[in-house]
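Visitor: Output the structure for:
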Amino acid sequence: MGKKMKNAPIYFALAQVRFNPLAALDTYIPPIQESFRKAGYPDFQKIQMAHLELGAAVPKTAVVTRYLFGNARKTSAFVLDQSWLTFQTTDYDTFAPFRSALLSGLQTVHKEAVLSYSERIGIRVLDAVLPRSEESVSKYLQPCVLGLSSSFPDRQLAHSLSETKTVSGHSTLVSRSIVISQKEGGLAFPEDLQPLQLQLPERFSHQISGQYAVIDTDSWSEERDDFELNRIEKALDSLHTDIGRSFEQMVTPYALSVWD
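Guide: Residues are numbered from 1 along each chain as shown. Just a heads-up that it's a prediction; the model follows:
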């Protein structure tokens, strides 16, 4: 995942930084929105979502306000709320411009709100494993992440999930592989990433029938420290390295030759 692939399987990627709460976020939005517009993200939306608070003795519903700043092609967007900024894209090229986009967005927010600290930095990547005609998913994924997807030939597979979670210091890496079988439908997204407001590239937006797989890799670090873009950049580089190592362990040499 360090170099650009001609047929890269990434169809969705996001990076997020959580920082100190901004109770007065609404007051900063006008200049932030103007900066994002000038930077190529003119699509502005104020999104209000119901959120169930479970901490109190009696659970109650609260309304959470988030702001979306998207590009005109609806392939990339920033989502901002009181405690975090997320950059998400369906037009992933290589890591360098992806990282730069997030850092530029953070700089835009920091310029207006003057952030004090960051406490969680994360990257999540979804890869689509779409076998060619007459091929099987097993040609693309290592046996250790296929689960029992081919162990019951007398039964119809719905899905098979493999998940491995590892921890090192303040960082966590979750490596998932989901083998899916469907008669026809669109490319699957994990439920916690719905609803998605971006458009998929044409090669990922067609109807899929039969068996395919999704590689879902999530890496994050949790440590409160002063808000410094240089430190955040180094953390992102480390997380990206972990995601690349995980990806290479999950796929076969044949898969890499097809995507390269």
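
Visitor: buried ones in the helix or strand encompassing I32?
Guide: Per DSSP states H and E, I32 falls inside helix 25-38. If you call a residue buried by 16 or more other CB atoms under 10 Å, then helix 25-38 has these buried ones: 25, 28-29, 32-33, 35-36. In short, each C-beta sits where N, CA and C put it, glycine included.

Visitor: where do the strands sit along the chain?
Guide: Per DSSP state E, the chain carries strands over the ranges 10-19, 43-53, 60-70, 76-80, 84-89, 117-129, 159-168, 171-185, 208-226.

Visitor: Out of those strands, which gets the lowest mean score?
Guide: Per-segment mean pLDDT for the strands of the chain reaches its minimum on strand 43-53, at a mean of 85.

Visitor: Can you give me the buried ones in it?
Guide: So strand 43-53, judged by 16+ other CB under 10 Å, has buried residues D43.

Visitor: Name every strand pairing with it and say which way it goes.
Guide: strand 60-70 (antiparallel) (DSSP bridges).

Visitor: what's in contact with the partner strand?
Guide: 25-26, 29, 32-33, 36-37, 41-53, 76-81, 197-198 (CB atoms under 8 Å, 6 or more residues apart in numbering).

Visitor: Same check on stretch 216-234?
Guide: Here stretch 216-234 has contacts from 17, 19-20, 99, 103, 106-107, 110, 115-127, 170-178, 190, 235, 238-240, 242-243, 246-247, using CB under 8 Å, 6+ apart.

Visitor: List buried residues within these.
Guide: Applying 16+ other CB under 10 Å to the contacts of stretch 216-234 flags 17, 19-20, 99, 103, 106, 110, 115, 118-127, 171-178, 235, 238-240, 242-243, 246-247 as buried.

Visitor: Ok, which of the strands of the chain comes nearest Y254?
Guide: Closest approach to Y254 among the strands of the chain (CB to CB): strand 117-129, 11.4 Å.

Visitor: Given the closest one, what are its sheet partners and their directions?
Guide: Neighbouring strands of strand 117-129 in its sheet, by DSSP bridges, are strand 10-19 (antiparallel), strand 208-226 (antiparallel).

Visitor: chain center to the longest one, what's the gap?
Guide: Going by CA atoms, centre = their mean, to the nearest Å, the spacing between the C-alpha centre of strand 208-226 and its chain's C-alpha centre is 6 Å.

Visitor: would you put the C-alpha positions of that strand in CSV?
Guide: What follows is strand 208-226, C-alpha atoms only, in CSV (Å, rounded to 0.1, in the frame of the first residue of the first chain):
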residue,chain,number,x,y,z
ILE,A,208,-22.3,-7.3,-7.8
SER,A,209,-23.5,-10.9,-7.9
GLY,A,210,-21.8,-13.9,-6.4
GLN,A,211,-19.0,-14.0,-3.8
TYR,A,212,-16.6,-11.2,-3.0
ALA,A,213,-14.9,-9.8,0.0
VAL,A,214,-14.2,-6.6,1.9
ILE,A,215,-11.0,-5.9,3.8
ASP,A,216,-11.8,-3.4,6.6
THR,A,217,-8.7,-2.2,8.4
ASP,A,218,-9.0,0.2,11.3
SER,A,219,-5.9,1.7,13.1
TRP,A,220,-5.9,4.3,15.8
SER,A,221,-3.9,5.7,18.7
GLU,A,222,-5.2,7.2,21.9
GLU,A,223,-3.1,9.6,23.8
ARG,A,224,-3.8,13.2,24.9
ASP,A,225,-1.2,15.7,23.9
ASP,A,226,-0.8,19.3,22.9
